[in-house]
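1. Build me a model:
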Amino acid sequence: MKKTLLKLSFSILLISLLAACGDDKAKELALKENKENIKETKRLEQERIRIEKEKLAMDAEKLAMEETKEKDRLLALEKLERIFQDVYDVSVSAKKTYFYDKPDFATKRKAFLLQYDEASILRTRNGFGYIEYYNYQTEKTTSGWMDLADLEPTEHGD
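-> Next up, the predicted model:
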């Protein structure tokens, strides 16, 4: 684009110099070159517009994909919460899972449970379950939110 503008400026300068000299053949040549430069500038502008339209279309497609991904994530969370809807006892299915202060991954605590640890689930929200874990060795209860994906319902025989 810069080369074309530079070429166009040079052509204009050449035309004005030749006009001052009065050489008709040189004027024609300079005008022809100037027309070609203008044509090239228009072509480049059309190409820029085409590329900009493509970029806008790609941005819209990316946004639509992100919206679909978010909808799928929310549906998966709802499904997970339905699994734990009437469950009171859970066990940890992951090797290690952490407690959270809120049903939000940004509130991770140091406390965790290990695979096969069992606890009680009191409620669910945002893909998390509010868990109470009683440690029989220390005789202390730890409670907080845990990622439901790291838990599974515990089946107890009656």
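2. from here on, contacts and neighbour counts on C-alpha atoms
-> Noted.
3. need the contact list for the closest residue to residue 125 other than its chain neighbours.
-> Leaving aside its chain neighbours, residue 125 sits nearest to residue 103 (6.5 Å; criterion: CA to CA, 6 or more residues apart in numbering). Contact partners of residue 103, counting by CA atoms under 8 Å, 6 or more residues apart in numbering, are 125-129, 145-146.
4. Tell me where the protein has helices.
-> Applying DSSP state H to the chain gives helices spanning 2-21, 24-83.
5. mean pLDDT lowest for which of the ones you listed?
-> Mean pLDDT across these is lowest at helix 2-21; the value there is a mean of 65.
6. ok, so what distance separates the residue nearest to residue 125 from residue 88?
-> 18 Å (CA to CA, to the nearest Å).
7. do residue 58 as well
-> 47 Å.
8. Which residue ranges make up the domains of this structure?
-> Listed domain ranges for the chain are 2-80, 86-153 (source: automatic domain parsing).
9. winner for burial among these?
-> Mean neighbours per residue, mean count of other CA atoms under 10 Å, is largest over the domains of the chain for domain 86-153, with a mean of 17.
10. now the end-to-end length of that one.
-> 10 Å.
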